[in-house]
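[1] fold the following for me, if possible:
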Amino acid sequence: MGKRREARTIAVQTMYRFEISRAPLTELFDYSWIGTERRRGMAPATLEFASLLVAGCIENLAAIDREIAGHLEHWDIERVSRIDLSVLRVGTYCLLHQRDIPAEVTLDESVAVAGQFGGEHSYRFVNGVLDGIYRRVGATPDTVAARPAGG
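    Modelled structure (predicted):
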């Protein structure tokens, strides 16, 4: 798993922890749940990127949740599973605030994380919601292809 994918996975897990506990950032960023050995083996940039994603999600939580809610058909945001909501929040934050990362990378990695942690159909649900957000923010295949590689 690449460093950025690992960071996104950690960010989703941390947002899930936030959703359950509403813990302050200082507690969320101790990453004690990861385990000492695993943390020691991580590049510092992995946790830095995860922390950037989590801080951005929490700072923009109301706007992110409005954006997600606007793309739910016949579904209230309160009914979305906590893990799916965590994946959607990180993915939405990336689509709205990290425009230098190709939207396709955000979509692909969000779908992969949803498939790893969510229910049987989570990956489809996450893909549908994030695709709607992606289309609303003005990203088209032409503008995505013109963005710099990375992510």
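[2] count the residues that sit near residue 27.
    When neighbours are defined as other CB atoms under 10 Å, residue 27 has 12 of them. Backbone N, C-alpha and C define where each C-beta goes, glycine included.
[3] list the contacts of the spatially most central residue of the chain.
    Here the mean C-alpha position of the chain is nearest to the C-alpha of residue 90 (CA atoms, centre = their mean), at a distance of 2.0 Å. If you count contacts by CB atoms under 8 Å, 6 or more residues apart in numbering, residue 90 has them with 8, 11-12, 15, 53, 57, 110, 113.
[4] mind doing that once more with 6 Å?
    11-12, 15, 53 (CB atoms under 6 Å, 6 or more residues apart in numbering).
[5] report the buried members of those.
    Burial by neighbour count, 16 or more other CB atoms under 10 Å: within the contacts of residue 90 this picks out 11-12, 15, 53.
[6] inside helices: which ones of those residues?
    Residues of the buried ones among the contacts of residue 90 located in helices (DSSP state H): 11-12, 15, 53.
[7] quick check: buried residues in the helix or strand harbouring residue 90?
    Assigned by DSSP states H and E, residue 90 falls within helix 82-97. Within helix 82-97, the residues that count as buried by 16+ other CB under 10 Å are 83-97.
[8] now do that helix, average pLDDT.
    Averaging pLDDT along helix 82-97 gives 97.
[9] touching the helix or strand following that helix from outside, list them.
    Reading on from helix 82-97 to the C-terminus, the next helix or strand found by DSSP H and E is helix 103-117. Applying CB under 6 Å, 6+ apart, the contact partners of helix 103-117 are 5, 8-9, 12, 83, 87, 91, 94-95, 122-123, 126-127, 130, 134, 139, 144, 151.
[10] no further questions, thank you.
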